[in-house]
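Visitor: Sharing a model that was predicted from the sequence below.
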Amino acid sequence: MDTIASLFSFITTPVSWVIVQFHKVYGALFGDDTGWAWGLSIVSLVVLIRICLIPLFVKQIKSTRNMQVLQPKMKAIQERYKNDKQRQSEEMMKLYKETGTNPLSSCLPILAQSPFFFALYHVLSSIASGKTIGVIDQPLLDSARQAHIFGAPLAAKFMDSEEKVQALGASLMDVRVVTAIMIVMMSASQFFTQRQLMTKNVDLTVKTPYMQQQKMLMYIFPIIFAVMGINFPVGVLVYWLTTNVWTMGQQMYVINQNPTPGSKAQEQYLGRLLKSVTAHGQVRGRTRRNTVKRVVAKGTDRNDIERKFITGLAKLGLAAQEDGTVAKSDAAIAEAEGAPAPKRQQPKRQTKAKRHTSAAQPGGAKESDSTEPEAKTSLENRDASQDAAQDDQPKPAGKPASGSSRQAKSGQRKGPQRPKHPSKK
């Protein structure tokens, strides 16, 4: 580890200078030789570095989301060119170029922190060895060696011998208890950060090997941190614990304010947004308006969660606008619920008696609707009785009924009827 840390010796001077500047501020409040002054100096160094890395963190979030979206296409390319590795690599690079995705962007924050991490490790190792480094001269070195965090010196490690710990003015039990607690907290924060990403901010509709890899890392990373932690000085554990807590809080903020489409976090976010619109009748805040604007811009490409949000607005009589606001719309409810267009009513089918009456009376179709019901009923009954009486009369054999003897029944031709074929009798 010392060999690796020495490779980053070019940055030890800037890191030691930043720590000394913070130590001057906290030393005036808590005392120059206290663990609070040196410990808070390391914490402030972490906060300063992470603030500078926020643009890289944003790129990491975008790259991670793009990788999730591209997983189905990447899998198709792998299956299509599984026997041609060169063509497979070319198609992958072409896909990355077309979508503007950089697979290494997800590692940028860790890579950018590495020089500071190893430089800090090198500084603390020099303090433990009693050597000046960077801008830390002999008086500052003596002050740092006297600083303890809950009884553990900044330069002490979990695996240090009892003689080395006693030389730093502490007991081995205190060092191991403090370092063990910090290692557990560091591993737990790493596990919770990864678990939060996997359970809340992943598109659950996309099942790809990438998700399985992330799930494996959720359990592997804490183990790696625990194994490496026993060889870290207390000051480095403070640094790494602080950066893990910062990452967890930063990721929690991003998940709550800008969740991945299709994830559980998006469902919760749009649910809160719908409640806010219900309470105030408008979209409050620029971030929320940008969210609504993106949902409107998707059109028919919205996922189920976004369609549910639009339907919820419609039930309130509101419609999302292109500028991210909402406006009252009476047609929004019918559009969201998918109500069918009203069908044209078909005219009511007339009975056989009415059709017979209309055919018998030339002016019947022009009769007024104000005709008394009693007159219509008597006319219908009379026609029906005439038809029944004519049906009861015996027909002469071999002679078809003449059209002049009686009116043809409704639905039959007038005039002589063709006799039935003998096979149909």
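Guide: Now that the structure is in, tell me what you want to look at.
Visitor: Below-threshold pLDDT in the stretch 51-200 of the chain: ranges please.
Guide: For the stretch 51-200 of the chain, the stretches flagged by pLDDT under 70 are 65, 68-69, 71, 103-107.
Visitor: Mind doing that once more with 90?
Guide: By pLDDT under 90, the low-scoring segments of the stretch 51-200 of the chain are 52-139, 141-151, 153-157, 159-171, 190-200.
Visitor: Now do the strands in it.
Guide: For the stretch 51-200 of the chain, the strands defined by DSSP state E, counting those that start in this stretch cover 148-149, 152-153.
Visitor: Name every sheet partner of the first one and say whether each one runs parallel or antiparallel.
Guide: To tie it back to what came earlier, the one meant is strand 148-149. In the sheet, strand 148-149 lines up against strand 152-153 (antiparallel) (DSSP bridges).
Visitor: buried sites along stretch 223-232?
Guide: For stretch 223-232, burial by neighbour count (16 or more other C-beta atoms under 10 Å) applies to F225, A226, G229, F232. Yep, even glycine has a C-beta here, placed from its N, CA and C like the rest.
Visitor: Report the distance from that stretch to the chain centre.
Guide: Relative to its parent chain, stretch 223-232 has a centroid offset of 33 Å by C-alpha atoms, centre = their mean, to the nearest Å.
Visitor: Need the residues that contact it.
Guide: Applying C-beta atoms under 8 Å, 6 or more residues apart in numbering, the contact partners of stretch 223-232 are 1, 121, 157-159, 179, 182-184, 186-187, 190, 237, 240.
Visitor: if we can go back for a sec, just name the most buried of the strands of the stretch 51-200 of the chain.
Guide: Mean neighbours per residue, mean count of other C-beta atoms under 10 Å, is largest over those for strand 152-153, with a mean of 29.
Visitor: Tell me which residues are up against that strand.
Guide: Contacts to strand 152-153, defined as C-beta under 8 Å, 6+ apart, come from residues A128, R145, A147, V165, L168, G169, A170, D174, V175, V178, T179, V234.
Visitor: Ramachandran angles for the residue most central in space within the chain?
Guide: Against the mean C-alpha coordinate of the chain, by C-alpha atoms, centre = their mean, the closest residue is S263 at 2.8 Å. Backbone torsions of S263, given as degrees, to the nearest 10, read phi -90, psi 170.
Visitor: okay if I get the strands of the stretch 51-200 of the chain as TSV plus distance to K298?
Guide: Converted to TSV, these look like this (distance: least, C-beta to C-beta, whole Å):
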stretch	distance to K298
strand 148-149	51
strand 152-153	54
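Visitor: Looking at those strands, spot the one closest to I255.
Guide: Nearest of those to I255, taken as C-beta to C-beta: strand 148-149 at 31.4 Å.
Visitor: where does the stretch 301-425 of the chain have low pLDDT?
Guide: For the stretch 301-425 of the chain, the stretches with pLDDT under 90 are 301-306, 315-324, 327-425.
Visitor: returning to that earlier point: mind listing which of the contacts of strand 152-153 are in helices?
Guide: In this view, these that belong to helices under DSSP state H are A128, R145, V165, D174, V175, V178, T179, V234.
Visitor: that older thread, may I ask you to confirm that the residue nearest to the centre of the chain is in contact with T199?
Guide: No - applying C-beta atoms under 8 Å, one finds S263 not in contact with T199, separated by 9.1 Å.
Visitor: Thank you, goodbye.
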